[in-house]
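Q: could you work out the structure for the sequence below:
(one chain, ligands or ions: 1)
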Amino acid sequence: MERLEHILESQQFSREWLENELFPLAAEMEKITATIKRTRTLAEKEMVSFFYEPSTRTRYYSELAMWRLGGNVIFSTENAKEFSSVAKGETIENTIRILCLGKPDIIVLRTDEEGMAKRAAEVSTAPIINAGDGKGQHPVQAMTDLFTIKKELMKIERRHLVITGDLARGRTARSLAYLAAKYPGIKISFVSPDAAKMGQDVKDYLKEHAVPFEEIRDIREVAPHGDVFYITRIQEERGQLLIKYGPPAFWGVNQEVLDLMKKDAIIMHPLPHKEEIAPEVDKDPRAVYFPQALNKLYVMMALLKMILK
Ligand code: CP
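A: Predicted structure coming up:
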């Protein structure tokens, strides 16, 4: 098994690693978790969980993954800009240096600016897991997303992905596009308001890797064709008000879109969702975003085991 160090961006990983190492181990973690509450696999290993931005899923499932494997979360904060010395102006580099003096085995880090996870990794003596860096990337989410597609549809190859919402500022959409590009036959339709189009860096990468993609404004154009609908919200915390983009009907899922979609398509969302998912969608069997959220626990357990064992 390849030794993992920092997890910073999707481009680091190969399809072979996902298929032969991560996904089988995540599936094993899911099985173990069904019968054993806590193992001793990572007994005495220590995690720091340091979040500049709010989180429910990533923080909870990271800390739970460590606990389930017998390890300890020794220091955890949300809103580090208020509840840590970041509030006094301490840099990311010095924050990481101080954390590392305590010799943690791993640091799960969410920051509010693109590139901060890489800056942290440059000075860290512990592996860094990027749990989202501003509008940069969220690679663990992308691994979780592909693991979910594999579980739900059996294979990822040759799927038509419809990725919608605030693609300019949505790190989950960006990381998913980078990671899905590793699979042959993938096609991507990006659906967004004009002001929230996918970044040029992602589009250049897709071109370089011969992944066909298109950019459209109305999800109804591709609703009958997509295999995976990956819906995201407008990132209002980054100063982009939903109202600026008009009704989410153009990039969201409602009854009209459900009626157009294939019977075996799936609807995903990194969550939390807002108006872009109409209330009736939660009851549709094609909506898999709650199992998708839980899959992050199994992927995180697998990653922790790979990095720390
Ligand atoms: N998808 C995701 O990262 O959710 P949280 O912000 O709740 O961690």
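
Q: for the stretch 51-200 of the chain, what lies in contact range of the ligand?
A: Listed as neighbours of the ligand in the stretch 51-200 of the chain under the rule Cβ under 6 Å from any ligand atom: 55-58, 132, 138, 141. Yep, even glycine has a C-beta here, placed from its N, CA and C like the rest.

Q: in strands, which of those fall?
A: Gly132 (DSSP state E).

Q: surely Glu5 touches Pro127?
A: Yes: checked against Cβ atoms under 8 Å, the pair Glu5 and Pro127 is within contact range at 5.2 Å.

Q: which of those two has more neighbours?
A: Comparing Glu5 with Pro127 by neighbour count (other Cβ atoms under 10 Å), the higher total belongs to Pro127, at 19 against 12.

Q: mind listing what that one touches?
A: Pro127 makes contact with 4-7, 105-107, 307, according to Cβ atoms under 8 Å, 6 or more residues apart in numbering.

Q: in a markdown table: the residues you listed, plus secondary structure.
A: What follows is the contacts of Pro127, written out as a markdown table (DSSP: H, G, I helix; E, B strand; the rest coil):
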| residue | secondary structure |
| --- | --- |
| Leu4 | coil |
| Glu5 | coil |
| His6 | coil |
| Ile7 | strand |
| Asp105 | coil |
| Ile106 | strand |
| Ile107 | strand |
| Ile307 | helix |
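
Q: tell me the one among those nearest to the ligand.
A: Closest to the ligand out of the contacts of Pro127 is Ile7 (14.0 Å), distances taken as Cβ to the nearest ligand atom.

Q: hey, what's in contact with both of Glu5 and Pro127?
A: Common neighbours of Glu5 and Pro127 (Cβ under 8 Å, 6+ apart) are Ile307.

Q: quick one, which of the contacts of Pro127 are buried?
A: Neighbour-count burial (16 or more other Cβ atoms under 10 Å) applied to those gives 4, 6-7, 105-107, 307.

Q: which single one of those is nearest to Lys187?
A: Distance to Lys187 across these (Cβ to Cβ) is lowest for Ile7, with 26.8 Å.

Q: and the nearest residue to that closest one once chain neighbours are set aside, what are its bridge partners?
A: Nearest residue to Ile7 in three dimensions, chain neighbours excluded: Ile129, at 4.8 Å (Cβ to Cβ, 6 or more residues apart in numbering). Beta-bridge partners for Ile129, by DSSP bridges, are Ile7, Val108.

Q: state the distance from Ile129 to Val211.
A: Applying Cβ to Cβ, to the nearest Å, the value for Ile129 to Val211 is 26 Å.

Q: compare those two and say which is more crowded by neighbours.
A: Ile129 (26 against 20).

Q: show me what contacts that one?
A: Ile129 touches 6-7, 62, 106-109, 140, 303, 307, counting by Cβ under 8 Å, 6+ apart.

Q: let's have the residues you listed in CSV, adding pLDDT and distance to Ile267.
A: CSV is the format used below for the contacts of Ile129 (pLDDT from 0 to 100; distance: Cβ to Cβ, whole Å):
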residue, pLDDT, distance to Ile267
His6, 97, 32
Ile7, 98, 27
Ser62, 98, 25
Ile106, 98, 33
Ile107, 98, 33
Val108, 98, 28
Leu109, 98, 30
Val140, 98, 21
Leu303, 98, 26
Ile307, 97, 32
